[in-house]
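Engineer: Kindly return the folded structure for what I paste below:
(one chain, ligands or ions: 2)
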Amino acid sequence: MVKVAVAGAAGRMGRRILALSAAHEEAVPVSGFEAPNSEYVGRPLSELAGVASLEGVVADSAEKALEIADVLVDFTVPEATMQNLAVAARLGKACVIGTTGLSVEEREKIASYAKEIPVVFAPNMSVGMNLMFKLAGMITKVLGPDYALEVLEAHHDQKKDAPSGTAVKIIDELAKQRGWDVDEVCAHGRKGLVGARPKEEIGVSVIRGGDIVGEHTVYYIGQGERLELTHKAQSRDTFVQGAIRAAVWISQKEPGLYDMPDVLGLTD
Ligand SMILES: NC(=O)C1=CN([C@@H]2O[C@H](COP(=O)(O)OP(=O)(O)OC[C@H]3O[C@@H](n4cnc5c(N)ncnc54)[C@H](O)[C@@H]3O)[C@@H](O)[C@H]2O)C=CC1
Ligand SMILES: O=C(O)C1=N[C@H](C(=O)O)C[C@H](O)C1
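Structural biologist: Ligands and ions are numbered 1, 2, ... in the order given. Here you go, the predicted structure:
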């Protein structure tokens, strides 16, 4: 059994990771933690996860939680993820990171820690979305430059970062296929007298509201037709299942930076 420590144990993802790993055949949640000043520190994990058999309480540090674990699973906020990763590297523990909204510098630091410990780092852990990343690139290539590229993402009203980490990765795939520099071509939420649409542009639109789990669409807009490629997450558990799969997988790996296609066997 792979022993999992859950960062952000009281969060939307953290609670479901505790619950679903408690019922998993190859993983077991041995600890969960929150920031030291969190109101959840000391609360029973069983209460947060809604699983009576779960033992232990929410710890106040990554050190305490990781001492007894094999793998850190972290869906928190960028600052916490970077701190937790430093602890994991010091203790030689593998990591699964799902946090989004990280800066370029933070991503580089993750790559550097991955020289010491195995790390899965992916903005979306669902099977369908990881297939969509590939399809989005393929469609862009097949349709060619006459089709305008627009990306729309929608999430719940508590989401902190925008555009979503998934949208950022989709945009990277599209730009890569066209040979464009992503920093030069994105039009985020147009406003005012923006003029005619340049050919070298990727439009990016963001919706926030209610309890939308996560929806992403790429529009390929031509003259006389348009193709829409959409993924809708209907439950957070789709990401959680992927995260637990990644935790089991990474527990057997050498240091390195891995993505979900590695875990899912979707590599070319
Ligand atoms: N890669 C993927 O498949 C997915 C990624 N995400 C990402 O995961 C992250 C978390 O999402 P949610 O669970 O919805 O957010 P959330 O806000 O419900 O949970 C985050 C938790 O982290 C805790 N936290 C903050 N600082 C901490 C620290 N220093 N140590 C330990 N815990 C700390 C918070 O108190 C909170 O309980 C976001 O960046 C989101 O975009 C979310 C779903 C899927
Ligand atoms: O914050 C969320 O909820 C989600 N975040 C991820 C992202 O930013 O792409 C993945 C998923 O869409 C849910």
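Engineer: Assign a three-state SS to residue 63, would you?
Structural biologist: helix (DSSP: H, G, I helix; E, B strand; the rest coil).
Engineer: From residue 96, how far off is the closest residue in space to it that isn't next to it in sequence?
Structural biologist: Leaving aside its sequence neighbours, residue 63 sits nearest to residue 87 (C-beta to C-beta, 6 or more residues apart in numbering; 5.7 Å). Any C-beta I mention is one placed from the backbone N, CA and C, and that applies to glycine too. Using C-beta to C-beta, to the nearest Å, we find residue 87 at a distance of 15 Å from residue 96.
Engineer: Now do the contacts for residue 208.
Structural biologist: Residues in contact with residue 208, defined by C-beta atoms under 8 Å, 6 or more residues apart in numbering, are 154-157, 159, 162.
Engineer: neighbours around the residue of the stretch 151-268 of the chain found nearest ligand 1, how many?
Structural biologist: Closest residue of the stretch 151-268 of the chain to ligand 1, C-beta to the nearest ligand atom: residue 239 (3.6 Å). Neighbourhood size, residue 239 [other C-beta atoms under 10 Å]: 24.
Engineer: secondary structure class for the closest residue to it other than its chain neighbours?
Structural biologist: Spatial nearest neighbour of residue 239, excluding adjacent residues (C-beta to C-beta, 6+ apart): residue 125 at 4.6 Å. With three-state DSSP as the basis, residue 125 sits in coil.
Engineer: phi, psi of residue 125?
Structural biologist: phi -100, psi 10 (degrees, to the nearest 10).
Engineer: doesn't residue 260 make contact with it?
Structural biologist: Yes: between residue 125 and residue 260 a contact is recorded at 5.7 Å, counting by C-beta atoms under 8 Å.
Engineer: Between the two, which contacts overlap?
Structural biologist: In contact with both residue 125 and residue 260: 242, 246, using C-beta under 8 Å, 6+ apart.
Engineer: what about the helix or strand hosting residue 205, distance to the chain center?
Structural biologist: Element membership for residue 205, per DSSP states H and E: strand 202-208. The chain centre lies 18 Å from the centre of strand 202-208; the measure is C-alpha atoms, centre = their mean, to the nearest Å.
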